[in-house]
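**Q** need coordinates for the below:
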Amino acid sequence: MQPVTEQRPLAVYLAVGLLQGLTLWMASEVWPQGTVWRSLCSALIVLVVVGGWQLQMLWGQLREAGRWKLLLPAILLPAALAAWLAVQFDQPRWYHFDEATGTLLLWSQLALAYILTPFIQAQNPAYRWRFDYSALYRHAWNNGLLLFMALVMLGVFWLLIWLWSGLFSMLGIDQFKRFFDSPGFIWVASATVIAAGLRIGLERGQVIDALRNVLQAMCRFLLPLTVVILLLFVVFLPFTGLTPLWATRHATPILLALVFAHIALLNGVVQDGLQTAHYPRLLRLLADASSLCLPLLAGLAMHALWLRIDQYGLTPDRVLAALLALVALIHGLALVRAVLRRDPAWLSGLRQSNPPLALFAAFLLILMHVPMLSPLQLSAANQYQRLLDSTLSAERTDLGALRFQLGEPGRRYLQALRKALVEPWGDEALRMRLQDDLQRLDGAEHYWAWKREQEVAAAPPVPWIGEPVADDDGSLARAVNYLGCLDKCRLFAVDLDRDGQPEVLLLRAEPWAVPVFGQAAAGGWQRIGQLRITAGVLPDGDVLSELLQRREFELVAPRFDAIEIDGVRLEPAIDQ
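**A** Residues are numbered from 1 along each chain as shown. Model prediction:
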């Protein structure tokens, strides 16, 4: 990477960054509801953000080897995918994280651009349709370091901005803080600083090359650690079995993280396959042996993921995890091939396998945007079929995900479920259960409120001491379930304020307080406070139940009266 200052004017980079920031700001403030306008805005965001980044990375090199001919489709393809995705999936905001569509829209396009850009940078007519792997390897690592340096600069910038606003806030001048906290400043300043950071890094090519060499030296130091971890894991696996691995419930991310860490470190050591190996022969043999274990680990990760899908169905996260597991498996098989080939240069077979594997990963990212193969579509279809399966319990299906987490496909399948429930079913009990679930779903404002309603419905009723009170709307059960029970809970109704309406005490194995529930003015039950235990210890559950059942208690007037001043009531909370 040679510095070409005159070919990278700072004004161009700042202008691109300013345009990116303004685009993101406007999209965050105003998002159209019409399908056509929504697709155009999605394409514009990706075109400006992703295309702008690629233009910054290739500025001054576009005419060399006809790179602009490759850059144009590399910019237009992500924009077209974003527009097509927006047509298929309704989206209230491009960054709407609850549905994950906005995140998928932007970050997958950035990942696609990161994979394709080194191929454009390494384009060389002398290689025709083959790749100059040395240039490809160098650009892939350098681009990551450039992004890292730009993000470091962004972090330092915001640290100084927070210091600025904090200092003037101490002087009572809040105008700076309000300006810096405004969405417009956040988006525009962040994008502009990142653009300036990229330009600074590109102008200091020798520094980036030096950082890459430092990073590769770190890989040489750390690779033996992953070699030991892999070999020890495989050695211990026959003695422990797979049951402890499945019991962690996090086997897939742990295994995949280890596989990709080993692959990244190994590529950092092998580099472009032309350097002399710096390891002694024994260490190279151990590294080869650990590389042969990668398909096993990727296969275990796939099996663990399949067990989770069989238990709880598909989600967008699990679809992405399946794609990552597939990529990890193919990389592992490529490493096995490189080990078995025994080339003169250690693992130089990676020169042939890495470029097509990178393009395969890019193909999977493109495939993920095809509407019928989208993670949202696949997940919604799978969850819908599981809801219709009478052999599955309610805990292993997720009706709330269709409404709150799977975007337009989830809502479409939810509507199909509503229509299906109108007709009689062979399994009438399942139909009634789903109708009850839908009724609770309609009253929920978000996914976690729906989960809380399901927990209340599934929880066994808390027994009463004496006569129970009416709870027609289930608000008392929800309020009690929200607090949870430590041990042997009981409910007891008593009129604490002598107004003719009983309050409800939740008696649990808690030594210092008793929660109190009362009826709100608008109806329904809610927690209104607690009774503190100021002296002695309550009897255990059975004895306490008998005392209350026999009405062996008395209501004691408060020792201290309250004070009311101009409609403001001061309640006593005296410790002694």
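**Q** can you give me the domain boundaries for this protein?
**A** Per automatic domain parsing, the structural domains of the chain span 213-371, 375-458, 464-570.
**Q** mind putting those domains into TSV with mean pLDDT?
**A** Formatted as TSV, these follow (pLDDT from 0 to 100):
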stretch	mean pLDDT
domain 213-371	90
domain 375-458	83
domain 464-570	79
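**Q** and these: which comes nearest Ala27?
**A** Nearest to Ala27, of all the domains of the chain, is domain 375-458, at 17.6 Å by C-beta to C-beta. C-beta: built from backbone N, CA, C; applies to glycine.
**Q** so how far is that closest one off the chain centroid?
**A** How far domain 375-458 lies from its chain's middle: 22 Å, per C-alpha atoms, centre = their mean, to the nearest Å.
**Q** equivalent analysis for stretch 348-363, please.
**A** 27 Å.
**Q** please apply the same query to stretch 539-546.
**A** Taking C-alpha atoms, centre = their mean, one finds the center of stretch 539-546 at 47 Å from the center of the full chain.
**Q** swap in stretch 15-27?
**A** That offset, for stretch 15-27, works out to 25 Å (C-alpha atoms, centre = their mean).
**Q** Leu14 contacts Ile194, doesn't it?
**A** No: using C-beta atoms under 8 Å, Leu14 is not in contact with Ile194; the gap is 10.8 Å.
**Q** neighbour-wise, which of these two wins?
**A** A count of neighbours by other C-beta atoms under 10 Å puts Ile194 above the other of Leu14 and Ile194, at 23 against 16.
**Q** the more buried one contacts Leu154, correct?
**A** Yes: the pair Ile194 and Leu154 passes the contact test of C-beta under 8 Å, sitting 5.6 Å apart.
**Q** elements contacting the strand or helix carrying Leu506?
**A** Here Leu506 sits within strand 503-507, counting by DSSP states H and E. Applying 3 or more C-beta pairs under 8 Å, 6 or more residues apart in numbering; DSSP states H and E, we find strand 503-507 packed against helix 475-483, strand 490-494, strand 513-519, strand 525-532.
**Q** closest one to Glu408 among those?
**A** The nearest among those, by C-beta to C-beta, is helix 475-483 at 30.0 Å.
**Q** strand 525-532 and the closest one, what's the angle between them?
**A** Taking axes from the mean of the first three to the mean of the last three C-alpha atoms, to 10 degrees, helix 475-483 and strand 525-532 form an angle of 50 degrees between their directions.
**Q** which of the residues in helix 475-483 are buried?
**A** Ser475, Leu476, Ala477, Arg478, Ala479, Val480, Asn481 (16 or more other C-beta atoms under 10 Å).
**Q** same deal with stretch 22-39?
**A** Quick answer for stretch 22-39 (16+ other C-beta under 10 Å): Leu22, Thr23, Leu24, Trp25, Ala27, Trp31, Arg38, Ser39.
**Q** now those as a markdown table including secondary structure?
**A** Shown next, in a markdown table, are the buried residues of stretch 22-39 (DSSP: H, G, I helix; E, B strand; the rest coil):
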| residue | secondary structure |
| --- | --- |
| Leu22 | helix |
| Thr23 | helix |
| Leu24 | helix |
| Trp25 | helix |
| Ala27 | helix |
| Trp31 | coil |
| Arg38 | helix |
| Ser39 | helix |
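**Q** how much space between the closest residue to Gly443 other than its chain neighbours and Tyr114?
**A** Residue nearest to Gly443 in three dimensions, not counting chain neighbours: Glu453, with 7.2 Å by C-beta to C-beta, 6 or more residues apart in numbering. To Tyr114, Glu453 is 42 Å away according to C-beta to C-beta, to the nearest Å.
**Q** next: Ala401.
**A** In terms of C-beta to C-beta, Ala401 sits 30 Å off from Tyr114.
**Q** one more: Val319?
**A** According to C-beta to C-beta, Val319 stands 21 Å off from Tyr114.
**Q** then Pro9?
**A** Pro9 is 24 Å from Tyr114, by C-beta to C-beta.
**Q** these two: which has the busier surroundings?
**A** Tyr114 (19 against 13).
**Q** follow-up on the earlier one: would you mind giving the domains of the chain as CSV with distance to Lys69 added?
**A** CSV is the format used below for the domains of the chain (distance: least, C-beta to C-beta, whole Å):
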stretch, distance to Lys69
domain 213-371, 18
domain 375-458, 32
domain 464-570, 61
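**Q** of these, which is nearest Trp68?
**A** domain 213-371 (19.6 Å).
**Q** can you give me the end-to-end distance of that closest one?
**A** Using C-alpha to C-alpha, to the nearest Å, the end-to-end distance of domain 213-371 comes to 42 Å.
**Q** what about the helices in the stretch 351-500 of the chain?
**A** 375-387, 399-404, 407-422, 428-442, 447-458, 475-483 (DSSP state H, counting those that start in this stretch).
**Q** no, scratch that, I was asking about the stretch 51-200 of the chain
**A** 67-88, 101-121, 133-170, 175-180, 183-203.
**Q** tabulate the ones you listed in TSV, adding columns for mean pLDDT and distance to Gly407.
**A** Converted to TSV, the helices of the stretch 51-200 of the chain look like this (pLDDT from 0 to 100; distance: least, C-beta to C-beta, whole Å):
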stretch	mean pLDDT	distance to Gly407
helix 67-88	80	9
helix 101-121	78	5
helix 133-170	92	29
helix 175-180	91	33
helix 183-203	92	24
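**Q** which of the ones you listed sits closest to Gln549?
**A** With C-beta to C-beta as the yardstick, what comes closest out of the helices of the stretch 51-200 of the chain is helix 101-121 (55.9 Å).
**Q** which strands or helices does that closest one pack on?
**A** Helix 101-121 packs on helix 35-58, helix 67-88, helix 133-170, helix 350-367, helix 375-387, going by 3+ C-beta pairs under 8 Å, 6+ apart.
**Q** and those as CSV, adding distance to Asp561?
**A** Output for those, formatted as CSV (distance: least, C-beta to C-beta, whole Å):
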stretch, distance to Asp561
helix 35-58, 62
helix 67-88, 64
helix 133-170, 43
helix 350-367, 70
helix 375-387, 57
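**Q** need the winner for burial among those helices.
**A** Of all the helices and strands packed on helix 101-121, helix 375-387 carries the top mean neighbour count, a mean of 22, counting by mean count of other C-beta atoms under 10 Å.
**Q** which residues touch it?
**A** 89, 99-101, 104, 309, 313-316, 318-320, 368, 371, 392, 396-399, 401-402, 406-410, 412-413, 416-417, 434 (C-beta atoms under 8 Å, 6 or more residues apart in numbering).
**Q** got it, and stretch 478-492?
**A** Contacts to stretch 478-492, defined as C-beta under 8 Å, 6+ apart, come from residues 452-453, 455-456, 459, 462-466, 468, 504-510, 515, 517, 525-527, 541, 544-545, 548.
**Q** how about 7 Å then?
**A** For stretch 478-492, contacts defined as C-beta atoms under 7 Å, 6 or more residues apart in numbering pick out 452, 455-456, 459, 462-466, 504-510, 515, 517, 525-527, 541, 545, 548.
**Q** drop anything exposed from the residues you listed.
**A** Among the contacts of stretch 478-492, the ones that count as buried (16+ other C-beta under 10 Å) are 452, 456, 462, 465, 504-508, 510, 515, 517, 525, 527, 541, 545, 548.
**Q** so which bits of stretch 16-23 are buried?
**A** Under the neighbour-count criterion of 16+ other C-beta under 10 Å, stretch 16-23 has Val16, Gly17, Leu19, Gln20, Gly21, Leu22, Thr23 buried.
**Q** helix, strand, or coil at the fifth one?
**A** Three-state assignment for Gly21 (three-state DSSP): helix.
**Q** wait, isn't it in contact with Phe185?
**A** No: between Gly21 and Phe185 there is no contact under C-beta atoms under 7 Å: 9.2 Å.
**Q** in its sheet, which strands sit next to the strand holding Leu506, and in what direction?
**A** Within its sheet, strand 503-507 is paired with strand 490-494 (antiparallel), strand 513-519 (antiparallel), according to DSSP bridges.
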